[in-house]
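Participant: one predicted model, sequence on top.
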Amino acid sequence: MNRVLALCCLLLSLVAQTFAADVFPKFFENNTLRVDYFHSGTATTEIVSLDQAYQQGVWAGSRINLVDTLNLGKYLVKVIDVATNQLIFSRGFASIYGEWETTQEALDEQARTFHESVLLPFPKRPVQVVLAKRDKWMRFQDIFSTAIDPGSRFINREKRGQEFKVRTLREQGPPHKKVDFLILGDGYTKDEMGKFRKDADRWMNVILKTEPFKKNASRLNFRAIEVISEDSGIDEPRKNTWKNTALGCSYNSFDSPRYVLTFENRRMRDIAAAAPYDFIYIMTNATRYGGGGIYNLYATGMTGVENPDLDWHIPYMFTHEFGHSFAGLGDEYYSSSTSYVDFYPPGVEPTAPNVTALLDPDNLKWKSFVEEGTPLPTEWSKAHYDSLGAVRRTWDRSAPGYYEKWLGMRKQQVEQMDASPFADKVGAFEGAGYSATGLFRPAIDCRMFSLSTVPFDPICQQGIVRVIRFYSE
Ligand SMILES: [Zn+2]
């Protein structure tokens, strides 16, 4: 870029920022409007119905970046100023409903309901809140709309989330200028708060050591809420183990043994309301491998391990699941079974920044990272990698010596990947997004590909940096 062009770009972005800085005080107060609704349906029908709107504490999001430019998530909430018909805020997100509607249960037309919330800056004037969902070509189509008058007596203004103590772990500036991480714990009893504090510190330290969070550390705030549960541990339906916990986290979500989610959204949002936040991480007081992450909702992960040799699973879980919920990263692996049917519909380019259907190699979305001479798709001796993995699937996970055998297999896979001519290159490597064929990932290995603590690949790192910048000023 020549200097004149660079200067013009800088001036333009300053003008845009100045303009954006005027928008916030004109349209919004420094509070949060939380809109709760029920999201019901099957794979073919979908109904959104309003539950309740709440006024909450300070607005934690940016006051400059109001309209979403990240283009992530299956859903989008839009706020339109009624008087001027101007779009004054939007935000992409994904939801449990959005995953559920791709399960066999939904395809079998068994209707279900999930409770969801959107957080918006509190408007000064009447607004229209609109939910849009991507159609099969990934274009947003409106599915729900409701008018909200900020002066209305129908907005609940109780002080919520007063029952648990908020602890600030690290503060780099005011919430609207920084990315605000909120750590919650589930399945920690009153006597286990010391453990919760240690686990929360560990989560923060893992994030701060992981790139690209590390080099953006000055943009990150961390807070934790000392959520107390009645019982220790979380639900394990497959073992008939049931725990009364504050947030209702459970293994076996969508009948997937290691998938940990909570469906108790209202409870979670009420508790989280005690602190300003952009992103939530829920630590489960559990030792069996399990977690989950949904874009712009929350991520979960266990904080212990059954075998001390597997302690590295914890930092893996902390960061991998957070990659989903923070930056909308897709899974790059394809070897594990999941409950989804066509999670990424064939013939359509996924919105995940790190998964491509490679429908148009000349316009690959991460093309600027691909060096000349790297073929697309990019050869990576997939057959050999797969044959090693196929042997593993015949092993009994619970048998003694499983982990040693797994380590041996992983070592062979890593050696084979390292020997690839494109080992350190960005390309389009076939096998990603739960599909062995037809979907491609940017690098041979990544925190979103293998169960390992290898770094996020350059495309995932770029995706994370974009979100950090969007939420901080
Ligand atoms: Zn994942």
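Facilitator: Received it, and whenever you're ready, just let me know what you need. Numbers count the residues shown, from 1 in each chain.

Participant: only C-alpha atoms from now on, for both contacts and neighbour counts.
Facilitator: OK.

Participant: mind naming the longest strand for this structure?
Facilitator: strand 28-41 (DSSP state E).

Participant: now that one: mean pLDDT?
Facilitator: Within the predicted structure, the mean pLDDT of strand 28-41 is 97.

Participant: now do the strands in the stretch 101-250 of the chain.
Facilitator: 112-123, 127-134, 140-148, 155-156, 166-170, 179-186, 220-225, 249-250 (DSSP state E, counting those that start in this stretch).

Participant: need the contact partners of whatever helix or strand comes next after the longest strand of the chain.
Facilitator: Downstream of strand 28-41, the first helix or strand assigned by DSSP states H and E is strand 46-56. Here strand 46-56 makes contact (CA atoms under 8 Å, 6 or more residues apart in numbering) with 31-41, 122, 143-144, 146, 154-160, 273.

Participant: so Ile280, which state does it fall into?
Facilitator: strand (DSSP: H, G, I helix; E, B strand; the rest coil).

Participant: actually Met448, not the one I wrote
Facilitator: Secondary structure assignment for Met448 (three-state DSSP): coil.

Participant: contact partners for it?
Facilitator: Met448 touches His320, Gly323, Leu329, Gly330, Asp331, Glu332, Tyr333, Phe456, counting by CA under 8 Å, 6+ apart.

Participant: now, those residues that are in helices?
Facilitator: His320, Gly323 (DSSP state H).

Participant: what subset of the contacts of Met448 is buried?
Facilitator: Taking 16 or more other CA atoms under 10 Å as the criterion, what is buried in the contacts of Met448 is His320, Gly323, Leu329, Gly330, Asp331, Glu332, Tyr333, Phe456.

Participant: tell me which stretches of the stretch 301-450 of the chain form strands.
Facilitator: Under DSSP E, counting those that start in this stretch, the stretch 301-450 of the chain gives strands at 429-432, 435-441.

Participant: could I get those as JSON lines with mean neighbour count, distance to Gly57 and mean pLDDT?
Facilitator: Formatted as JSON lines, the strands of the stretch 301-450 of the chain follow (neighbours: other CA atoms under 10 Å; distance: least, CA to CA, whole Å; pLDDT from 0 to 100):
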{"stretch": "strand 429-432", "mean neighbour count": "25", "distance to Gly57": "40", "mean pLDDT": "95"}
{"stretch": "strand 435-441", "mean neighbour count": "21", "distance to Gly57": "40", "mean pLDDT": "93"}
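
Participant: show me how the record splits the chain into domains.
Facilitator: For the chain, automatic domain parsing gives the domain ranges 20-158, 166-327, 334-452.

Participant: go through those domains and name the closest to Gln461.
Facilitator: The closest of the domains of the chain to Gln461 is domain 166-327. By CA to CA, the value is 5.7 Å.

Participant: picking that back up, so which of the strands of the stretch 301-450 of the chain gets nearest Asn221?
Facilitator: Nearest of the strands of the stretch 301-450 of the chain to Asn221, taken as CA to CA: strand 435-441 at 30.8 Å.

Participant: would you mind measuring from the residue nearest the centre of the chain to Ile271?
Facilitator: With distances taken as CA atoms, centre = their mean, Ser325 lies nearest the centre of the chain, 0.8 Å away. To Ile271, Ser325 is 19 Å away according to CA to CA, to the nearest Å.

Participant: try Thr189
Facilitator: From Thr189 across to Ile271, the span is 16 Å (CA to CA).

Participant: again, but for Ala327
Facilitator: Taking CA to CA as the measure, Ala327 falls 24 Å from Ile271.

Participant: returning to what we had before: make CSV out of the strands of the stretch 301-450 of the chain and add distance to Tyr403.
Facilitator: Output for the strands of the stretch 301-450 of the chain, formatted as CSV (distance: least, CA to CA, whole Å):
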stretch, distance to Tyr403
strand 429-432, 24
strand 435-441, 25
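
Participant: for Lys367, find the nearest of the ones you listed.
Facilitator: Each of these has some distance to Lys367 by CA to CA; the shortest is strand 435-441, at 12.4 Å.

Participant: now the closest one, how far from the centre of its chain.
Facilitator: 21 Å (CA atoms, centre = their mean, to the nearest Å).

Participant: so which elements touch it?
Facilitator: strand 429-432 (3 or more CA pairs under 8 Å, 6 or more residues apart in numbering; DSSP states H and E).

Participant: how far away is the residue nearest to the centre of the chain from His115?
Facilitator: 18 Å.

Participant: which residues does Leu50 bridge with?
Facilitator: With DSSP bridges as the criterion, Leu50 is bridged to Tyr37.
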